[in-house]
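# here is my input, please return the structure:
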Amino acid sequence: MTVKEFIRGSQNIIMNKLQIAKLFRTKCLAAVLGLAGCFCNMSVALASEDLLEHGRYVFYAAGCVSCHTRDQLMAGGRPLVSPFGTFYPPNVTPHREYGIGAWSEEDFLRALREGLNPQGEHYYPAFPYPSYTRMTRQDMQALYAYLMTLPASSRGIQPHDLPWPFSSRPMVAYWKAGRFTSGEFPTDPDKSPQWNRGAYLADALGHCSECHTPRDYLGTPRRDRYLAGTCTGPDGRRVPNITPDRDTGIGHWTCEALMTFLKTGKKPDGSYTDSLMAEVLGTSCMQLTRDDLHSLAIYLQSLPPIHNDLDALCAPFDDSSFYD
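A predicted model of the protein is given here:
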């Protein structure tokens, strides 16, 4: 073998080893990238699962079912009778034509935060956006993601049955001007985290005030009678006083008794709530964690007691004595 042949052979061996090494590095890199891709996809999947689980919890905490469900989940059409007329909550399933399937996330957030539809029209405040506006952006986004996973329904939107001027949407703008403030729930630094969580559950998500606070002649909740109950609640029903007044409210209830009621519907006297409140509890409060129920109870028991005797206010006037 000549020197040239030896050198040429050595060069070929070296080149082959370099090619093998390059191929090995390429395959290793591909394997690493593939493994990274798997982990990335797994992280996305876990993030999506967490988002949807979060959205499901918000869905129940916000009490969406009781108003938007007649016989199909969230398909709307259930009549809501009020002193201002009859409202028919809309279809909020992901149907693109009859529901909110064509809405962007920002459209959905705008509805909750500002009470406006994608066309910029004002919603009637029977849709409790005066409370929902206080939700965090994260909760709104999670709720939107969860709603988009529900079965789509093709039920059309039934027009509200409202007399003028309550039927005028432009008039709602004037109502909102002095009675509606958009914005996220402000935490109180002087209160405990549990109190703030309870306040958020009651005022933003659970929107308790929408039913339990009496309203003025224009439908504005009276803050001086906050949660003191009313004779003219949804469907014309009486809604109880849930302030800690011992005579007319729930001031004699212990924290544990209040939590038991929210979780089971059982009152301290051993009886159970019925009618609309039983439905609200079953589709909302009963789905909450014990920690959240405790926070809600702490908040409700911290409120100023308001004496509001609904037994006297809601009783029909007896005029029989005038004819004796």
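
# which residue packs closest to the residue nearest in space to the middle of the chain, ignoring adjacent ones?
Central residue of the chain (C-alpha atoms, centre = their mean): residue 62, 2.9 Å from the mean position. Sequence neighbours aside, residue 205 is the residue nearest to residue 62 in space, at 4.8 Å (criterion: C-beta to C-beta, 6 or more residues apart in numbering). Heads up, the C-betas are built off the backbone N, CA and C, glycines and all.

# residues contacting that neighbour?
Shown in contact with residue 205 (C-beta atoms under 8 Å, 6 or more residues apart in numbering): 58, 61, 62, 63, 135, 139.

# export these to JSON lines and tack on secondary structure, pLDDT and distance to residue 183?
JSON lines is the format used below for the contacts of residue 205 (DSSP: H, G, I helix; E, B strand; the rest coil; pLDDT from 0 to 100; distance: C-beta to C-beta, whole Å):
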{"residue": "58", "secondary structure": "helix", "pLDDT": "97", "distance to residue 183": "18"}
{"residue": "61", "secondary structure": "helix", "pLDDT": "95", "distance to residue 183": "19"}
{"residue": "62", "secondary structure": "coil", "pLDDT": "94", "distance to residue 183": "17"}
{"residue": "63", "secondary structure": "coil", "pLDDT": "92", "distance to residue 183": "21"}
{"residue": "135", "secondary structure": "coil", "pLDDT": "97", "distance to residue 183": "10"}
{"residue": "139", "secondary structure": "helix", "pLDDT": "97", "distance to residue 183": "14"}
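
# how about those residues, which pair is most distant?
63 and 139 (13.3 Å; C-beta to C-beta).

# buried ones in stretch 281-296?
Within stretch 281-296, the residues that count as buried by 16 or more other C-beta atoms under 10 Å are 281, 283, 284, 285, 287, 288, 292, 293, 294, 295, 296.

# nope, stretch 235-243 is what I was after
Buried, per 16+ other C-beta under 10 Å, within stretch 235-243: 239, 240, 241, 242, 243.

# pretty sure residue 258 is in a helix, no?
Yes - per DSSP: H, G, I helix; E, B strand; the rest coil, residue 258 lies within a helix segment.

# isn't it up against residue 250?
Yes - judged on C-beta atoms under 8 Å, residue 258 makes contact with residue 250 at a distance of 6.7 Å.

# next, show the common contact partners of those two.
Common neighbours of residue 258 and residue 250 (C-beta under 8 Å, 6+ apart) are residue 300.

# show me where the stretch 51-200 of the chain has its strands.
Under the criterion DSSP state E, counting those that start in this stretch, the stretch 51-200 of the chain contains strands at 80-82, 85-87.

# I'd like the ones you listed as JSON lines, with distance to residue 169 and mean neighbour count appended.
Output for the strands of the stretch 51-200 of the chain, formatted as JSON lines (distance: least, C-beta to C-beta, whole Å; neighbours: other C-beta atoms under 10 Å):
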{"stretch": "strand 80-82", "distance to residue 169": "16", "mean neighbour count": "16"}
{"stretch": "strand 85-87", "distance to residue 169": "13", "mean neighbour count": "17"}
